[in-house]
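Chemist: Pasting the sequence and the predicted coordinates here, then a few questions.
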Amino acid sequence: MNTINYRTKGICAKEIKISIENGIVTGLTFIGGCEGNATGVNRLVVGMTINEVIIKLRGIDCEGKGTSCPDQLAKALEEVISLNQGIA
């Protein structure tokens, strides 16, 4: 299992910790931000493939910030793929 710590940009949460095993998201923790939304995103994406999460969450905006917690999660997973850290 790989655990990735991703420093977010432009959102309330400062960091996302993501656990991945065989291309599947197995755990997710947002550090900071809205606990309710973070818990909801966690429950929705655990068990999904990296690519499924990216497709569903990429581009979601929060209050005109141009990004959001779900969008930052998608960006983190795109980085994982580009760095070849998680088997997508």
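Modeler: Sure, I can see it.
Chemist: For this protein, identify the residue most remote from the centre.
Modeler: Gly64 (19.2 Å; CA atoms, centre = their mean).
Chemist: Report pLDDT for it.
Modeler: Predicted confidence (pLDDT) at Gly64: the value is 95.
Chemist: swap in Met1?
Modeler: 84.
Chemist: measure the spatially closest residue to it that is not a sequence neighbour to Gly59 for me?
Modeler: Taking CB to CB, 6 or more residues apart in numbering, and ignoring the residues beside it in sequence, Met1 has Glu21 as its nearest neighbour in space, at 4.4 Å. The way it works is simple: take the backbone N, C-alpha and C, and place the C-beta from them, glycine included. Glu21 sits at a distance of 26 Å from Gly59 (criterion: CB to CB, to the nearest Å).
Chemist: before we move on, what about Gly33?
Modeler: Taking CB to CB as the criterion, Gly33 is separated from Gly59 by 18 Å.
Chemist: Disregarding flanking residues, what is the spatial nearest neighbour of Leu28?
Modeler: The spatial neighbour of Leu28 that comes closest, neighbours along the chain excluded (CB to CB, 6+ apart), is Asn42 at 4.5 Å.
Chemist: Wait, that neighbour touches Thr29, no?
Modeler: Yes - with contact defined as CB atoms under 8 Å, Asn42 reaches Thr29; the gap is 7.4 Å.
Chemist: Neighbours of the residue nearest to Met1, how many?
Modeler: In terms of burial, Glu21 registers 13 neighbours under the definition other CB atoms under 10 Å.
Chemist: what's across from it in the sheet?
Modeler: As for beta bridges, Glu21 partners with Ile24 under DSSP bridges.
Chemist: Quick one, grab the pLDDT at it.
Modeler: The per-residue confidence score, pLDDT, reads 96 for Glu21.
Chemist: Now Ile18: which helix or strand?
Modeler: Under the criterion of DSSP states H and E, Ile18 resides in strand 15-21.
Chemist: Identify each buried residue in that strand, please.
Modeler: If you call a residue buried by 16 or more other CB atoms under 10 Å, then strand 15-21 has these buried ones: Ile16, Ile18, Ser19, Ile20.
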